[in-house]
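1. The following comprises the amino acid sequence and a computationally predicted model.
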Amino acid sequence: MKKQKNQAVTIIALTTFLSALALVPLSAAQWTAAVGAQTDEKGIQALAFLPNEIWIHAGDSISWTFQADETHTVTFLRAAQVRPDFNVGCPGFSSDPAIFDGSTCVTTPAMVTGQTFTVIFPVAGNFKLTCLVHVNMDGRIHVFSANEPLPHTQAFYDEQAASRSDELLSHGAKMKPMHVPNSPQGVTAGITDITGTAGGTETVAAVRFSHENIRIRAGQTVEWDNQAPIFPHTITFGQEPANLQNPSPDVTVDPDGARHAIIASTADSTHSGFIIAAPQERRGLPQAPLGVTRFRVTFPNPGIFPYICALHDEMGMVGQVTVTP
Ligand SMILES: [Cu+2]
């Protein structure tokens, strides 16, 4: 009796397997790649597709695994499509697995460590892969017709992804602030290097405050700067506001454009808003404004004042100002 039941299960399983096989061309391969990389303590983030250039056959699919706490998207826009906001999608978000043939955009929402997303490429062509969260993070997928030989195997891509991930993260660990401090009480909130391969652009970001525990005298001013051209940070004391982009109402603007707040008590809340340079210039587009890259806080009274980057505190981007009399 038990044996018969087992045979029936085997036949059903085999039939299901064979009918699933009939839906895909026999040659269709399933490739894998990664999105993002980070150090164990999450302080260095590689904003990159790993690898960022893959050659496949029409009908093949690629499954991307997200491996960073910094959010990313896997996105294929139509040729010349205006780049949308990652919260909006392209517009909307694709179901998994998605099919991309160049005629309709495909995008995931912002995804983090452990999530995966698969795209099937039914037609030959060269397609740009991008992350809607990060403007300097892209790659390219070459889809060949069945008779064209492919240059690489999955093992090659695995090895390339691992070695590039190591290169980017170890580069990130060596990055130092390009510091010309306006005062001895300078803290750098974020450094990035934009780099790349023939496949596309990559960014390495240090997600830490340079002097996490700074000591000053009452009456002095701490100045934070963000030296990362594409990676915003905030300096947030006390209550975290709902809208992180804009500064809290107590923040004023100095003559040089830097934002400035005064914190008199450890019970005070203040929020810098996004501290970041404006986007890089592009020929044919209107000139971008400067952006705000500095935030100053004056502390008239002694105390211990902890603060966070409201965007990256969960990755450990936190600090403290100790004010002595
Ligand atoms: Cu941050």
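-> Received, thanks.
2. Now do the same for residue 165: helix, strand or coil?
-> helix (DSSP: H, G, I helix; E, B strand; the rest coil).
3. okay, now it: neighbour count?
-> 19 (other C-beta atoms under 10 Å). Where you see a C-beta, it was placed from the backbone N, CA and C, and this is true even at glycine.
4. from now on call the first residue 47
-> Got it, first residue is 47 now, which makes that one residue 211.
5. Show me what the closest residue in space to it that isn't next to it in sequence bridges to in the sheet.
-> Closest residue in space to residue 211, ignoring its immediate chain neighbours: residue 83 at 4.1 Å, by C-beta to C-beta, 6 or more residues apart in numbering. Legend: beta-bridge partners of residue 83 under DSSP bridges are residue 92.
6. correct me, but residue 83 touches residue 92?
-> Yes. Applying C-beta atoms under 8 Å, one finds residue 83 in contact with residue 92, separated by 4.1 Å.
7. So for these two, which residues contact both of them?
-> Residues touching both residue 83 and residue 92 (C-beta atoms under 8 Å, 6 or more residues apart in numbering): 114, 211, 214, 215.
8. Next, work out how far apart the residue of the stretch 97-246 of the chain found nearest the ion and residue 118 are.
-> As assessed by C-beta to the ion, the ion sits closest to residue 236 within the stretch 97-246 of the chain, at 6.0 Å. Distance, residue 236 to residue 118, by C-beta to C-beta, to the nearest Å: 17 Å.
9. Residue 325 too?
-> Separation of residue 325 from residue 118 (C-beta to C-beta): 19 Å.
10. got it, and residue 250?
-> The spacing between residue 250 and residue 118, counted by C-beta to C-beta, is 14 Å.
11. swap in residue 94?
-> With C-beta to C-beta as the criterion, residue 94 and residue 118 are 9 Å apart.
12. what's the answer for residue 273, then?
-> 22 Å.
13. bridging residues for the closest residue to the ion within the stretch 197-346 of the chain?
-> Here the stretch 197-346 of the chain gets closest to the ion at one residue, residue 279, 3.3 Å apart by C-beta to the ion. Beta-bridge pairing for residue 279 (DSSP bridges): residue 321.
14. swap in the one 4 residues further on?
-> On the basis of DSSP bridges, residue 283 is bridged to residue 316, residue 353.
15. since we're on it, how many residues are nearby?
-> For residue 283, the neighbour count with other C-beta under 10 Å is 20.
16. Over to residue 324?
-> By the criterion of other C-beta under 10 Å, residue 324 has 13 neighbours.
17. Give the other helices and strands that the strand ranked longest in the chain contacts.
-> Determined from DSSP state E, the single longest strand within the chain is strand 232-243. If you count contacts as 3 or more C-beta pairs under 8 Å, 6 or more residues apart in numbering; DSSP states H and E, strand 232-243 packs onto helix 200-220, strand 246-255, strand 267-271.
18. what comes into contact with that strand?
-> Residues from elsewhere that reach strand 232-243, judged by C-beta under 8 Å, 6+ apart: 98-99, 182, 210, 214, 217-218, 221-225, 247-253, 255-257, 260, 268-277, 279, 281, 321, 341, 355, 363, 365.
19. which residues sit in contact with the closest residue to residue 302 other than its chain neighbours?
-> Among residues not flanking residue 302 along the chain, residue 340 sits closest, at 7.6 Å (C-beta to C-beta, 6+ apart). Contacts for residue 340 (C-beta under 8 Å, 6+ apart) come out as 228, 269, 270, 271, 272, 302, 303, 304, 305, 321.
20. Now which of those would you call buried?
-> The neighbour count (16 or more other C-beta atoms under 10 Å) marks 269, 270, 271, 272, 304, 305, 321 as buried among the contacts of residue 340.
21. Format these as a markdown table; extra columns: pLDDT.
-> Listed next are these as a markdown table, based on pLDDT from 0 to 100:
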| residue | pLDDT |
| --- | --- |
| 269 | 96 |
| 270 | 96 |
| 271 | 94 |
| 272 | 94 |
| 304 | 96 |
| 305 | 98 |
| 321 | 96 |
